[in-house]
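1. Predicted coordinates and the sequence they were generated for:
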2 protein chains.
Amino acid sequence: MKKIANFTTQKWKIMSESIKGKYEIRTNPNVSVDCVVFGFDGTELKVLLVQRVLRDNLDIEDDTLVLPGDLIIDDEDLDEAASRILRRLTGIKNIFLEQVGAFGSPDRLSKERDREWLEAVRVRPEARVITIGYFALINIQNYKIRPAGFAKHLEWRDYHTVEELGFDHNEILNCAILKLRDKLYREPIGFKLLPAKFSLHQLYTLYNEIMDAEIDRRNFRRRMLKTGFIKETDEYQEGVPHKPARLYTFVQKEFENVSKNNFKFY
Amino acid sequence: MKKIANFTTQKWKIMSESIKGKYEIRTNPNVSVDCVVFGFDGTELKVLLVQRVLRDNLDIEDDTLVLPGDLIIDDEDLDEAASRILRRLTGIKNIFLEQVGAFGSPDRLSKERDREWLEAVRVRPEARVITIGYFALINIQNYKIRPAGFAKHLEWRDYHTVEELGFDHNEILNCAILKLRDKLYREPIGFKLLPAKFSLHQLYTLYNEIMDAEIDRRNFRRRMLKTGFIKETDEYQEGVPHKPARLYTFVQKEFENVSKNNFKFY
DNA sequence: CCAAAAGTGTTGATGCTACACCCATGA
DNA sequence: TCATGGGTGTAGCATCAACACTTTTGG
């Protein structure tokens, strides 16, 4: 643990610029939100991670990766908090966000590096914090991700190569992936990870990747089309070194018609 | 709104008896837990509700029903908090409890009667509180429910006759029932609502009641037995005015064998 | 002997799995 | 012409829904 005590004054100064100036300073010291943002690059499932940083003008080394997250503000809803935080740290807005659950182990902030960061950044670093996990799905190409706030670098990391994250964020990530698998199984949300127009092959690899299974390609195709809410377009892939595939699109309206009857995906 | 301000002094006195005396007084003002406890009496799905009370020696009328819940203590886990609170308010312990999610609408405590209660009871009545909902299933006959803490009366209420509860507890209840239906559909948890030995008819009515569906009795029976983890016993119903039914029991071990393969209930 | 629920089988329809071949394109 | 993935069809099996009658017990 390096010379942290010294930073306290400076910390307050920074606080008042970066936080106080922009919001009413009614952040709640005990409740935070963390977001697991999933993306898909056509082959691999990705997670958006933040390299947290103390402040640019503080020279503590900390390359720990964490989920984008922060304390909530006292008069905002949890969902709002999640949107706000994601927007501020990454520039992403108007996004599908859903709660995963609350994480409140009393020692979830007790790793040494985490304490160090909290001491340097939080107004009440010692406070018990429970966090609400959210998960989000985005089409990786539609967003220009730009770091802001305390996010120093942002990084799309292959889900399978994620190592130890700060705080209890591995646990949150794990719950999120379980939730994702569960939902993919019976709600039409896979499309959110793809461009508006996609080939069935893309959808197929996505399912295989996330479900960690090998589905029969032909049956998969048939099932998807049979649902009635994946409609063909007149467009085809371009620039591929093989027969270009027809592009399809997800039609929300059709889904709503169908989904009254009990519907299962796969 | 009746004469609340007057109570403040008295409130503190009561606090220090009823709370401070028993726990380290490190309750977190911003995070609470509320429990939806389901039971089944053979016909109806029941929910355990608490008639909150200010204090016996305060004469404000408040017959509002709420879910059993309270603020968490700073060094306990959320799951622990849920167990503790349930134990303290109702005497129930060692029970299946699972998180439903976090509820954090900024106006979730803003009904007038809720404010009144908070003012009278909480150390920091104005604090923003987010709550973590839990749901529990118990066999209604195995527990002697006894009110304690701030629970004045406890009541097993028919799920279908629940009216307006305090705070945002209707919303929590609603999420819990959705979760219950969802789980009943694909995990063997219905048994937790029944005695260790039960007739298939009991199980059948339970499913019908909770799912709000009319399942074919014969197919239901077949499906359940085919799972392999509902085993017959040598016992039969007694004292019924018709042919007594054989009693069955859920065998956890068999379930674990079976459930490796992808298993669906109904 | 009557009421009330327990218990048992079959059939037809549907859906799913498993599998093999031809097609279109770019290099 | 070759490599790559796109695209289609079918047969057998398993599962599920729909349905009716006999049995056992207590009163």
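-> Yes, it's here.
2. what's in contact with the helix or strand where residue A:100 lies?
-> Using DSSP states H and E, residue A:100 falls within strand A:97-103. For strand A:97-103, contacts defined as Cβ atoms under 8 Å, 6 or more residues apart in numbering or on different chains pick out A:34-36, A:78-79, A:82-83, A:86, A:130-136, A:168, A:171-172, A:175-176, A:179, B:78, B:99, B:101-102, B:132. All C-beta atoms are positioned from the backbone trio N, CA, C, and that covers glycine.
3. what angle sits between that strand and strand B:97-103?
-> 130 degrees (axes from the mean of the first three to the mean of the last three Cα atoms, to 10 degrees).
4. Tell me which strands strand A:97-103 pairs with, and in which orientation.
-> strand A:130-137 (antiparallel) (DSSP bridges).
5. Adjacent strands (with direction) for the next helix or strand after the strand it pairs with?
-> Next in sequence after strand A:130-137, counting helices and strands by DSSP H and E, comes strand A:151-158. With DSSP bridges as the test, strand A:151-158 is paired with strand A:45-52 (antiparallel).
6. from the middle of its chain, how far away would the partner strand be?
-> How far strand A:45-52 lies from its chain's middle: 8 Å, per Cα atoms, centre = their mean, to the nearest Å.
7. ok, then the element right after it?
-> For strand A:45-52, the following helix or strand on the C-terminal side (DSSP H and E) is strand A:65-66.
8. which secondary structure elements does that following strand contact?
-> Packing partners of strand A:65-66 (3 or more Cβ pairs under 8 Å, 6 or more residues apart in numbering or on different chains; DSSP states H and E): strand A:45-52.
9. Residues touching the strand it packs on, excluding its own?
-> For strand A:45-52, contacts defined as Cβ under 8 Å, 6+ apart pick out A:35-40, A:62-68, A:89-90, A:117, A:140, A:145, A:147, A:150-160, A:162, A:165-166, A:173, A:209-210.
10. Just the buried ones out of those residues, please.
-> Buried by 16 or more other Cβ atoms under 10 Å in any protein chain shown: A:35-40, A:62, A:64-68, A:89-90, A:117, A:140, A:145, A:147, A:150-151, A:154, A:156-157, A:159, A:162, A:165-166, A:173, A:209-210, out of the contacts of strand A:45-52.
11. what kind of secondary structure is the closest residue to residue A:42 other than its chain neighbours in?
-> Nearest non-adjacent residue to residue A:42, counting by Cβ to Cβ, 6 or more residues apart in numbering or on different chains: residue A:202, 6.4 Å away. For residue A:202, the assignment made with DSSP: H, G, I helix; E, B strand; the rest coil gives helix.
12. got it, and residue A:34?
-> Per three-state DSSP, residue A:34 ends up strand.
13. just checking, it touches residue A:68?
-> Yes. Assessed by Cβ atoms under 8 Å, residue A:34 is found in contact with residue A:68 at 7.1 Å.
14. Dump the strand holding residue A:100 to CSV, restricted to CA.
-> What follows is strand A:97-103, C-alpha atoms only, in CSV (Å, rounded to 0.1, in the frame of the first residue of the first chain):
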residue,chain,number,x,y,z
LEU,A,97,-30.1,-3.2,-19.8
GLU,A,98,-31.4,-5.7,-17.4
GLN,A,99,-30.8,-6.3,-13.8
VAL,A,100,-28.8,-9.4,-12.8
GLY,A,101,-29.1,-9.1,-9.1
ALA,A,102,-27.6,-7.6,-5.9
PHE,A,103,-24.1,-8.5,-4.7
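15. Heading C-terminal from that strand, find the next helix or strand.
-> Downstream of strand A:97-103, the first helix or strand assigned by DSSP H and E is helix A:112-121.
16. So what are the structural domains in chain A, by residue number?
-> A:7-185, A:197-258 (automatic domain parsing).
17. Deepest-packed of these, please.
-> domain A:7-185 (a mean of 18; mean count of other Cβ atoms under 10 Å in any protein chain shown).
18. is that one anywhere near DNA strand D?
-> No. Domain A:7-185 does not reach DNA strand D (Cβ under 7 Å from any atom of the strand); its nearest approach is 10.6 Å.
19. got it, and stretch A:207-215?
-> No. Applying Cβ under 7 Å from any atom of the strand, one finds stretch A:207-215 separated from DNA strand D by no less than 12.1 Å.
20. what residues does the stretch 51-200 of chain A put near chain B?
-> A:72, A:74-78, A:99, A:101-102, A:104-106, A:128, A:130, A:132 (Cβ under 8 Å from any Cβ of the partner chain).
21. what's near enough to touch residue A:204?
-> When contacts are counted by Cβ under 8 Å, 6+ apart, residue A:204 touches A:215, A:217, A:220, A:221.
22. switch the cut-off to 7 Å
-> Listed by Cβ atoms under 7 Å, 6 or more residues apart in numbering or on different chains, the contact set of residue A:204 reads A:217, A:220.
23. Likewise for residue A:65?
-> Counting by Cβ under 7 Å, 6+ apart, residue A:65 has contacts A:49, A:50, A:51, A:165, A:166.
24. Widest-spaced pair of those?
-> With Cβ to Cβ as the measure, no two of the contacts of residue A:65 lie farther apart than A:51 and A:165, at 10.7 Å.
25. can you tell me how far the spatially most central residue of chain A sits from residue A:67?
-> Nearest to the mean C-alpha position of chain A, by Cα atoms, centre = their mean, lies residue A:37 at 1.3 Å. Separation of residue A:37 from residue A:67 (Cβ to Cβ, to the nearest Å): 8 Å.
26. and what of residue A:250?
-> 27 Å.
27. what about the helices in the stretch 151-266 of chain A?
-> Counting by DSSP state H, counting those that start in this stretch, the stretch 151-266 of chain A has helices at residues A:169-186, A:200-211, A:217-226, A:252-258.
28. looking at the ones you listed, which is closest to DNA strand C?
-> Across the helices of the stretch 151-266 of chain A, DNA strand C has its closest neighbour in helix A:217-226 (4.0 Å, Cβ to the nearest atom of the strand).
29. ok, and what's touching that closest one?
-> By Cβ under 7 Å, 6+ apart, the residues outside helix A:217-226 that reach it are A:200, A:203, A:204, A:207, A:230, A:266.
30. what's the nearest residue to the fourth one if we skip its chain neighbours?
-> Read it as residue A:207. Spatially, and ignoring its direct neighbours in sequence, residue A:207 is nearest to residue A:215 (6.1 Å; Cβ to Cβ, 6+ apart).
31. Is it correct that the one you found is in contact with residue A:208?
-> Yes. When contacts are counted by Cβ atoms under 7 Å, residue A:215 is listed as touching residue A:208 (6.1 Å).
32. got the contact list for residue A:72?
-> So residue A:72 contacts A:27, A:28, A:31, A:32, A:33, A:78, A:81 (Cβ under 7 Å, 6+ apart).
33. Doesn't it belong to a strand?
-> Yes. Counting by three-state DSSP, one finds residue A:72 located in a strand.
34. Name the nearest residue to it, sequence neighbours excluded.
-> In space, residue A:72 is closest to residue A:81, 4.1 Å off (Cβ to Cβ, 6+ apart).
35. Tell me who's in contact with the one you found.
-> By Cβ under 7 Å, 6+ apart, the neighbours of residue A:81 are A:33, A:72, A:73.
36. That one in helix, strand or coil?
-> Quick answer, by three-state DSSP: residue A:81 is helix.
37. ok, so what distance separates it from residue B:253?
-> On the measure of Cβ to Cβ, residue A:81 and residue B:253 end up 44 Å apart.
38. from the stretch 1-150 of chain A, which residue is nearest to DNA strand D?
-> residue A:43 (10.6 Å).
39. Quickly note the distance from that residue to residue A:49.
-> Distance from residue A:43 to residue A:49, counting by Cβ to Cβ: 18 Å.
40. before we move on, what about residue A:116?
-> Counting by Cβ to Cβ, the gap from residue A:116 to residue A:49 is 19 Å.
41. before we move on, the earlier item: pLDDT score assigned to the residue nearest to residue A:42?
-> For residue A:202, the pLDDT comes out at 93.
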